[in-house]
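J.: could you work out the structure for the sequence below:
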Amino acid sequence: MCNANLSCCSSKTLVQDQVCIDWAATGAVTETVYTNNITQDLYASGYVKYDVGVNPVTVNFLVGATVVNTITVQPQSSGSFTVRYFTTIQIVTTGTATSQGQLCLTVRYPIS
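T.: Model (predicted):
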């Protein structure tokens, strides 16, 4: 049980949503695959799966136009993440080949 008088306990109510999307790009592309229009106080955990392609892809987490976190995913593999305070997720591909994969994230944010 949680005692609300303790500093480790929070009385916040969090909403949790799950988003899964397939992504695809041909050539060198910067593709926005998720935009947060809810709140800045956002938590997300998830993975990027990279099924088809020959060059690594970069996954950027941004606040506005500033990259605040990055992961690199190799072809035919996946990368997991937990991030906080971001507004946009971009996938950056290189080369001329087709790249395909999936982004799944579980988003949590407080409600008033």
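J.: quick one: the strands in the protein?
T.: Listed in chain order, the strands of the chain (DSSP state E) span 13-26, 30-35, 43-52, 57-63, 66-73, 77-84, 88-92, 98-111.
J.: could you find the closest non-adjacent residue to Thr35?
T.: Thr88 (5.3 Å; Cβ to Cβ, 6 or more residues apart in numbering). Placement of C-beta: from N, CA and C, glycine included.
J.: the one you found touches Tyr34, doesn't it?
T.: Yes. With contact defined as Cβ atoms under 8 Å, Thr88 reaches Tyr34; the gap is 6.8 Å.
J.: quick one: which of those two has more around it?
T.: Legend: neighbour count by other Cβ atoms under 10 Å for Thr88 and Tyr34, higher for Tyr34 (19 against 16).
J.: residue nearest the middle of the protein, spatially speaking?
T.: Ile89 (5.3 Å; Cα atoms, centre = their mean).
J.: contacting residues for that residue?
T.: By Cβ atoms under 8 Å, 6 or more residues apart in numbering, the residues touching Ile89 are Thr32, Val33, Tyr34, Thr35, Val59, Asn60, Phe61, Leu62, Leu103, Leu105.
J.: quick check: the first one vs Leu14, distance?
T.: Between Thr32 and Leu14 the distance, using Cβ to Cβ, to the nearest Å, works out to 25 Å.
J.: returning to what we had before: columns mean pLDDT on top of the strands of the chain, output as JSON lines?
T.: Formatted as JSON lines, the strands of the chain follow (pLDDT from 0 to 100):
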{"stretch": "strand 13-26", "mean pLDDT": "88"}
{"stretch": "strand 30-35", "mean pLDDT": "95"}
{"stretch": "strand 43-52", "mean pLDDT": "96"}
{"stretch": "strand 57-63", "mean pLDDT": "96"}
{"stretch": "strand 66-73", "mean pLDDT": "96"}
{"stretch": "strand 77-84", "mean pLDDT": "96"}
{"stretch": "strand 88-92", "mean pLDDT": "97"}
{"stretch": "strand 98-111", "mean pLDDT": "91"}
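J.: hmm, Val59 and Phe81 touching each other?
T.: Yes. Under the criterion of Cβ under 8 Å, Phe81 makes contact with Val59 at 7.5 Å.
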